[in-house]
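Q: Sequence and predicted model, in that order:
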2 protein chains.
Amino acid sequence: MTAAVSIIGLESIGLIKPGDDLSKIIFESAAFNNVQFADDDVVVISQKIVSKAEGQLVSIEEIKPGGRAKEYSKKIGKDPRLVELILRDTSRVIRAEKRAFLVKRKDGLVCLNAGVDKSNVEGKKTYALLPKNSDHSAQTLRSSLQRLTGKKLAVIITDTYSRPSRVGQAEFAIGIAGMQPIVDYRGKADLFGYELRYKYVGLADEVAAAAELVKGQGTEGIPVAIVRGLPRLKKSESRNLSKKLLLGQQKDLFGRLL
Amino acid sequence: MTAAVSIIGLESIGLIKPGDDLSKIIFESAAFNNVQFADDDVVVISQKIVSKAEGQLVSIEEIKPGGRAKEYSKKIGKDPRLVELILRDTSRVIRAEKRAFLVKRKDGLVCLNAGVDKSNVEGKKTYALLPKNSDHSAQTLRSSLQRLTGKKLAVIITDTYSRPSRVGQAEFAIGIAGMQPIVDYRGKADLFGYELRYKYVGLADEVAAAAELVKGQGTEGIPVAIVRGLPRLKKSESRNLSKKLLLGQQKDLFGRLL
């Protein structure tokens, strides 16, 4: 007996514009690619196309930087209007350097530039913000996709992160709907009856990383993948599921930094 | 057209003992599971069974702790003999606390307890060390598996890591043979001709995380998975490939900590 997981990339999604019906586009792209949705499929979507469909695009030419933005701007060498845009989504600046503007966002996510990003966004001065509420976006997409397909699905919205002491970025889950983000092994015994060290698996983050394997061109050549056959998938109808992956500072092994 | 990656877990590997021929066991388990190897398959193997086959098992009852081990032992609340064992593989202690004994190993890897671990190891006082040289172990396994299967393969040996600010662990690559560990997008243009932010993808780490999706029970219920169909797989015959994923302190966004 073998356990098998498939990761199917959906090509021909095309460029997404504000106001586009993303679930319909994903549904039609799957049909075009002869991919049938199945119960328990996890639809993994790159953040950028969600932000675009939701119109989370801002030209910094519309932004007036405040004093704090101007100060950070000098320190980190970024346009003060861009810094202003980043600070609007930020609750705390963790590190302000030329190579890294690391912040804690108002929604709790720790990331570079509050996720504000230029790549694959049209317009010289236009940036994409993260979705306003990525868990909510995932829920909405899940509902529409379930309606269109008639299948029970989960949805993960992913973004890119840098890791300490490791070269190369990886994808992680910033919005989740329909599935438990963590596998909990607490109290389970190992093969010899001792308690397992491996207590929680960050399943949703591993699914996000796995989906990136079929993507490319900065995750946006193929911005949607279906992950099928997860043996440990557990459904959840809870809200704010991505928050379960956020570690409080006190419990964080790297906590002094953050 | 769709891009598809498959992750196939090999069940019935059984318990591994020192001296076991791991490549033969993997080959036979695949045959038993009716899995045919194919060119460009990546065989992803959990570290623990490699350590066991190589006899990297130590009972701390044989260990005499030195003064430094005794000091750390008081601070972090671990058996001084275990601390001694950890320090033998350590070049620098990064954080010594009850909740986390974070070190940089002599081979450059930053991890908890230098990777010395109890789970799924038989014997109340017996611990597994990491393989002596995980890249070398991956090369040896790759050679034997290529000989047995007649296919061109890559091999990744994985271990578990904790991430800053995120709940739940994930797998990463500690030994690599036969493939480039990183996808390099430097200088590539995005969909609109701007330079991509996403410059390096930690491909081998994403493959390690993906393989965990079919594993279970602390990665050792199914300790081997085949990852097939990677569109960006690039061969490499270089040695020490896992070292390419190690970030020097100066370039590390989290560098002040580490």
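A: Thanks, I have the structure now. Because the structure is a prediction, the values reported are computed rather than measured.

Q: Name all residues that make contact with residue A:96.
A: A:72, A:75-76, A:102 (Cβ atoms under 8 Å, 6 or more residues apart in numbering or on different chains). The C-beta positions use only the backbone N, C-alpha and C, and glycine is treated the same way.

Q: now it: how far from chain B?
A: From residue A:96 over to chain B the distance is 12 Å, taken as Cβ to the nearest Cβ, to the nearest Å.

Q: Just list whatever residues bridge to that residue.
A: For residue A:96, the beta-bridge partners are residue A:101 (DSSP bridges).

Q: For it, give me the pLDDT.
A: pLDDT recorded at residue A:96 is 93.

Q: Isn't residue A:107 up against residue A:131?
A: No. Counting by Cβ atoms under 8 Å, residue A:107 does not reach residue A:131; the two are 9.8 Å apart.

Q: Name the residue in those two with the higher neighbour count.
A: residue A:131 (25 against 21; other Cβ atoms under 10 Å in any protein chain shown).

Q: That one contacts residue A:56, doesn't it?
A: Yes. The pair residue A:131 and residue A:56 qualifies as a contact (Cβ under 8 Å) at a distance of 6.1 Å.

Q: Can you get me a residue count around the closest residue to chain B within the stretch 51-200 of chain A?
A: At 2.9 Å from chain B, residue A:168 is the closest residue in the stretch 51-200 of chain A, using Cβ to the nearest Cβ. When neighbours are counted by other Cβ under 10 Å, residue A:168 registers 22.

Q: Give me the nearest residue to it, chain neighbours excluded.
A: Sequence neighbours aside, residue B:202 is the residue nearest to residue A:168 in space, at 2.9 Å (criterion: Cβ to Cβ, 6 or more residues apart in numbering or on different chains).

Q: Dihedrals phi and psi, that neighbour?
A: Residue B:202 adopts backbone torsions of phi -80, psi 70, taken as degrees, to the nearest 10.

Q: Can you name the residues that contact it?
A: A:163, A:166-170, B:181-182, B:245.

Q: just checking, the residue of the stretch 51-200 of chain A closest to chain B touches residue B:200?
A: Yes. Between residue A:168 and residue B:200 there is a contact under Cβ under 8 Å: 4.2 Å.

Q: what residues are shared contacts of these two?
A: With Cβ under 8 Å, 6+ apart, residue A:168 and residue B:200 have common neighbours B:182-183.

Q: how near is the residue of the stretch 51-200 of chain A closest to chain B to residue B:204?
A: Per Cβ to Cβ, to the nearest Å, residue A:168 is found 8 Å from residue B:204.

Q: Between these two, which contacts overlap?
A: B:181-182, B:245.

Q: what's the lengthiest helix in chain A packed up against?
A: Secondary structure of chain A per DSSP state H: the longest helix is helix A:134-149. Judged by 3 or more Cβ pairs under 8 Å, 6 or more residues apart in numbering or on different chains; DSSP states H and E, helix A:134-149 is in contact with helix A:22-32, strand A:41-46, helix A:47-53, strand A:153-161, strand A:170-177.

Q: Okay, buried residues for the longest one please.
A: What it means is helix A:22-32. A:22-23, A:25-27, A:29-30 (16 or more other Cβ atoms under 10 Å in any protein chain shown).

Q: that older thread, kindly reformat the contacts of residue B:202 as a markdown table containing distance to residue A:156 and pLDDT.
A: Formatted as a markdown table, those follow (distance: Cβ to Cβ, whole Å; pLDDT from 0 to 100):
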| residue | distance to residue A:156 | pLDDT |
| --- | --- | --- |
| A:163 | 19 | 78 |
| A:166 | 22 | 84 |
| A:167 | 24 | 85 |
| A:168 | 20 | 84 |
| A:169 | 17 | 83 |
| A:170 | 14 | 85 |
| B:181 | 24 | 96 |
| B:182 | 24 | 93 |
| B:245 | 24 | 90 |
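
Q: So which of these are in strands?
A: Judged by DSSP state E, the contacts of residue B:202 include residue A:170 as members of strands.

Q: what residue lies at the spatial centre of chain A?
A: Nearest to the geometric centre of chain A sits residue A:158, at 2.2 Å (Cα atoms, centre = their mean).

Q: Check it and give its pLDDT.
A: Per-residue pLDDT puts residue A:158 at 96.

Q: which ones are touching the residue of the stretch 51-200 of chain A closest to chain B?
A: Residue A:168 touches B:181-183, B:200-203, B:205, B:245, counting by Cβ under 8 Å, 6+ apart.
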